[in-house]
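**Q** need a 3D model of the sequence below.
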Amino acid sequence: MRTKRQEMSGFAIATTLIMGLAGAIAMPVQAQYTTVRLENRTVRDEADRLLDLGQQQAKDGKHREAIKTWLYAIGYYRRVNDQPSISYTLARVADAYEKMGARNAAQDTMHKNIDYANMLQDQGSVMRSANNLASIAISKRQLDSAKTLTSRALQLADANDQPHDRAIALGNQGLIASIHGDHLQALRLYAQSVIERPLRDAIGDGHTYVNSGDVWLAKDDYKRALKDYGMALTIARQYNNYQLMAVASDRLIHAYLEVPNFYRIEELLQNRSSLALVMGDRETAANVQRYLGDLYLSFGNLPKARAAYQESYDFAAMLEDTSSLPLREAYFKLQALEKL
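**A** Coordinates of the predicted model:
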C-alpha cells in the first residue's frame, strides 16, 4: 500500500515555507514521542492517504495545495506519535516551499526537520538538511552560517561514506570560496565535487560546471568558461533538463558576447527562444527575440531584425499584461525600424 517506508531513508530534504502555516508544525519535547501508537489504524491510513495526495498535487505543480495537505497529514501523524513519518513529510513540505521560492520559510521548515532528525538519530537527514540549509544561506550571503553548515554536512558525509552528499558539500564550499574571491580554491572544490558525485546525479555535475564557468569568466578566461558552460548544456540536453538548459544557455550567450562570436550567439538565442516557449515562459521568449532583433540590426540585416522584433511583439501580446514592458519595447523597436 505504501512506499513511504521504503523511501524514508533516502529522501532529499529541500526548502520553502508559507509563513502563515509555519506555526502549524509543533516540535517534540521528549524522546518518548518516538514510540508509535498503532492502535488507531484509521488515523494512520488517513495520514498516509493525505501524504499520497500531497505528492500527487506537488507532481501536478500545485505546491501550495500540497503543503496544506501535508500539514494535515502531519497533524494525523502526531496523533499516533509517528515522528519518523512527520520528519519525512516535513521534507516534502520543505521541497514544495523551495519550488515556490519561499527561502525564509524553507529555512524554518528545515530547522524543524533537523530537530526531529537529531532526536531520531537520523544522521542522513541531518546531513541532507545541513547541505540544503547551506545552499539557502549562500544565496542570502549568510556565509558564516553556510560555512558551519557545509562543514557539518561534510563531516557526516565522510563518517557515513555518502559521496553524493559529500559532493554537494564540496560544491557549496566552492561557492563560498568564489564569493570570497578565492577563485583557485573554488575551482579545486568544484573539481573535487564532480569527481565525488555519483553518475546518477549528472544534473548536479551540470550545475557545478556552470559554477566553475562563472569562476573562469570572473578571471576573464573565456575559453575555459565556454568549455564549462558547454559541458553543462551538453548534460542538460542529454537528460532533457530544461532548467539547466536555460541556465547554461544564458551563460554561454553572455560569454560569447565577451569574445564575441555573433553567429554562435544567433544560434543560442534562437534555441533559447524556443526553449522558453517549451517551458511556457512567453516573457523570456519575447525578450530573447528582441535581443535577436538587436543582433540582426547590428549586422545591418533589416528583414531579419524586423521578423525578430515582430515575433517579440507577438509573444509579448500573449501575456496577460497587455501593457507589459516586453510588449512596449518590441513595439518601439518596430517603430524605430520603420524610420530606417
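**Q** now do the buried residues in the helix or strand in which Lys112 is found.
**A** Using DSSP states H and E, Lys112 sits within helix 103-119. Under the neighbour-count criterion of 16 or more other C-beta atoms under 10 Å, helix 103-119 has 103, 105-110, 112-117, 119 buried. Placement of C-beta: from N, CA and C, glycine included.
**Q** same deal with stretch 238-252?
**A** Judged by neighbour count using 16+ other C-beta under 10 Å, the buried positions of stretch 238-252 are Asn241, Leu244, Met245, Ala246, Val247, Ala248, Ser249, Asp250, Arg251, Leu252.
**Q** so which of those are in helices?
**A** Secondary structure from DSSP state H places Leu244, Met245, Ala246, Val247, Ala248, Ser249, Asp250, Arg251, Leu252 of those in helices.
**Q** would you turn these into TSV with distance to Tyr72 and pLDDT?
**A** Output for those, formatted as TSV (distance: C-beta to C-beta, whole Å; pLDDT from 0 to 100):
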residue	distance to Tyr72	pLDDT
Leu244	34	97
Met245	37	98
Ala246	35	97
Val247	35	97
Ala248	39	98
Ser249	41	98
Asp250	39	97
Arg251	42	97
Leu252	45	97
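**Q** distance to Asn172 for those - can I get that in JSON lines?
**A** Converted to JSON lines, these look like this (distance: C-beta to C-beta, whole Å):
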{"residue": "Leu244", "distance to Asn172": "18"}
{"residue": "Met245", "distance to Asn172": "23"}
{"residue": "Ala246", "distance to Asn172": "22"}
{"residue": "Val247", "distance to Asn172": "17"}
{"residue": "Ala248", "distance to Asn172": "20"}
{"residue": "Ser249", "distance to Asn172": "24"}
{"residue": "Asp250", "distance to Asn172": "22"}
{"residue": "Arg251", "distance to Asn172": "19"}
{"residue": "Leu252", "distance to Asn172": "24"}
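**Q** average pLDDT for the helix or strand Pro326 falls within, rounded please.
**A** Using DSSP H and E, Pro326 sits within helix 325-338. Mean pLDDT, computed over helix 325-338, is 87.
**Q** do the same with stretch 163-183
**A** 96.
**Q** same check on stretch 232-239?
**A** Rounded mean pLDDT across stretch 232-239 is 97.
**Q** so which elements touch the helix holding Pro326?
**A** Applying 3 or more C-beta pairs under 8 Å, 6 or more residues apart in numbering; DSSP states H and E, we find helix 325-338 packed against helix 282-299, helix 302-317.
**Q** and those as a markdown table, adding mean pLDDT?
**A** Shown next, in a markdown table, are the helices and strands packed on helix 325-338 (pLDDT from 0 to 100):
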| stretch | mean pLDDT |
| --- | --- |
| helix 282-299 | 95 |
| helix 302-317 | 94 |
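**Q** with distance to Lys68 and mean neighbour count added, can I get those helices in TSV?
**A** Converted to TSV, the helices and strands packed on helix 325-338 look like this (distance: least, C-beta to C-beta, whole Å; neighbours: other C-beta atoms under 10 Å):
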stretch	distance to Lys68	mean neighbour count
helix 282-299	29	20
helix 302-317	34	19
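**Q** ranges for the helices of the stretch 1-150 of the chain?
**A** Taking DSSP state H, counting those that start in this stretch, the helices of the stretch 1-150 of the chain run over residues 4-7, 41-59, 63-79, 83-100, 103-119, 123-139, 143-159.
**Q** so which of these comes closest to Tyr263?
**A** Closest to Tyr263 of the helices of the stretch 1-150 of the chain is helix 123-139 (C-beta to C-beta; 35.0 Å).
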